[in-house]
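Q: The sequence and its predicted three-dimensional model are supplied below.
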Amino acid sequence: METKRFLAIRRAIQELKASSLERINHPSILLSELREISSGIKKALRPIELYWEIYGGWYALVRSPYLWSAVAIAAVMFPDWMAVDDNNVRTWAQLPLQILPNILGFSMGGMAIVLAFTGSSIFKVITEGGKENSYFMKMISAFYHFILVQTLAIMLGLICRTYSNDILSAIGYFFMCYAIMVALATAAQLFNTARIANFASTLNAGQIDAASKSSSDESSGA
């Protein structure tokens, strides 16, 4: 029995070696596989590219009051992100792991609330007739931004717990502050959506169709 298992394992290893040699000896096979991998990466990154385009790119980011508020807070809190404990671990690095998961859940919940509008009359208003950069798409891209920032802040908190570096600590602390600030941006988005829903409730079907054709610029920068 053991001999049969040994022979089966040996045969599998030989087949794997033969397959690897075939790829090396036939560059076209290797290139084809690399193209497939590249195509898969592009598909995975496509949602991020679309979100960034709808969000407004760097222009929208640098105009965000939440971003500059986070920069100011991180600068003022300089002694906090420089402090280390007896084991040379940044004392603040535990905070993102304690605070941000709940805020991340709040952002995801807000996005779920917005998506719930797809079955209501307000959906016609916020989609603006299916425009690519409609209020609905801007709002979803903003929530994507919130979730992305908060996720990055959690990851940087984990990294800063392991590696004690001043520059890395400054970046991580800034992202933590920014992630907390975008929670306010999430609330602002929900408030603006509530205003639109409140207004839409006073309209009849014809007025809703007319409102859906007009552009809206109620989204707040984050």
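A: Yes, it's here.
Q: From the recorded domain assignment, give the ranges for the protein.
A: 1-47, 56-212 (automatic domain parsing).
Q: deepest of those domains, which one?
A: domain 56-212 (a mean of 17; mean count of other C-beta atoms under 10 Å). Every C-beta, even on glycine, is put in place using the N, C-alpha and C of the backbone.
Q: Distance of Thr91 relative to Ile73?
A: Thr91 sits 17 Å away from Ile73, going by C-beta to C-beta, to the nearest Å.
Q: any weak-confidence spans in this structure?
A: 1-31, 33-34, 117-121, 203-222 (pLDDT under 70).
Q: Quick check, central residue of it?
A: Leu148 (2.3 Å; C-alpha atoms, centre = their mean).
Q: check contacts around it.
A: By C-beta atoms under 8 Å, 6 or more residues apart in numbering, the contact list for Leu148 reads Ile48, Tyr51.
Q: same check, this time on Trp52
A: Ser141.
Q: pretty sure it belongs to a strand, no?
A: No: under DSSP: H, G, I helix; E, B strand; the rest coil, Trp52 falls outside any strand and is assigned helix.
Q: give the contact list for Val149.
A: Residues in contact with Val149, defined by C-beta under 8 Å, 6+ apart, are Phe175, Tyr178, Ala179, Val182.
Q: Secondary structure element holding it?
A: helix 135-162 (DSSP states H and E).
Q: Give me the helices and strands touching the helix or strand that comes right after that helix, please.
A: Counting by DSSP H and E, the next helix or strand C-terminal to helix 135-162 is helix 166-200. Packing partners of helix 166-200 (3 or more C-beta pairs under 8 Å, 6 or more residues apart in numbering; DSSP states H and E): helix 65-76, helix 78-82, helix 95-115, helix 122-127, helix 135-162.
Q: Return the distance of helix 166-200 from the chain's centre.
A: Computed by C-alpha atoms, centre = their mean, to the nearest Å, the chain-centroid distance of helix 166-200 equals 12 Å.
Q: what's the angle between it and helix 135-162?
A: 160 degrees (axes from the mean of the first three to the mean of the last three C-alpha atoms, to 10 degrees).
Q: Secondary structure class of Asp86, three-state.
A: coil.
Q: mind checking how far it is from Asp166?
A: Distance, Asp86 to Asp166, by C-beta to C-beta: 18 Å.
Q: Ok, Arg90 next?
A: 10 Å.
Q: Same check on Ala116?
A: From Ala116 to Asp166 the distance is 44 Å (C-beta to C-beta).
Q: next one: Ile37
A: Going from Ile37 to Asp166 by C-beta to C-beta gives 37 Å.
Q: Also Ala74?
A: Applying C-beta to C-beta to Ala74 and Asp166 gives a distance of 13 Å.
Q: ok, and what's touching stretch 167-181?
A: Contacts to stretch 167-181, defined as C-beta under 8 Å, 6+ apart, come from residues 66-67, 69-71, 73-74, 77, 80-82, 90, 92-93, 95-96, 99-100, 103, 149-150, 152-154, 156-157, 159-160.
Q: mind redoing it with 7 Å?
A: 66-67, 69-71, 73-74, 77, 81-82, 90, 92, 95-96, 100, 103, 149-150, 152-153, 156-157, 159-160 (C-beta atoms under 7 Å, 6 or more residues apart in numbering).
Q: can the helices and strands packed on helix 166-200 go into CSV with extra columns for distance to Ser201?
A: Converted to CSV, the helices and strands packed on helix 166-200 look like this (distance: least, C-beta to C-beta, whole Å):
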stretch, distance to Ser201
helix 65-76, 30
helix 78-82, 46
helix 95-115, 16
helix 122-127, 8
helix 135-162, 17
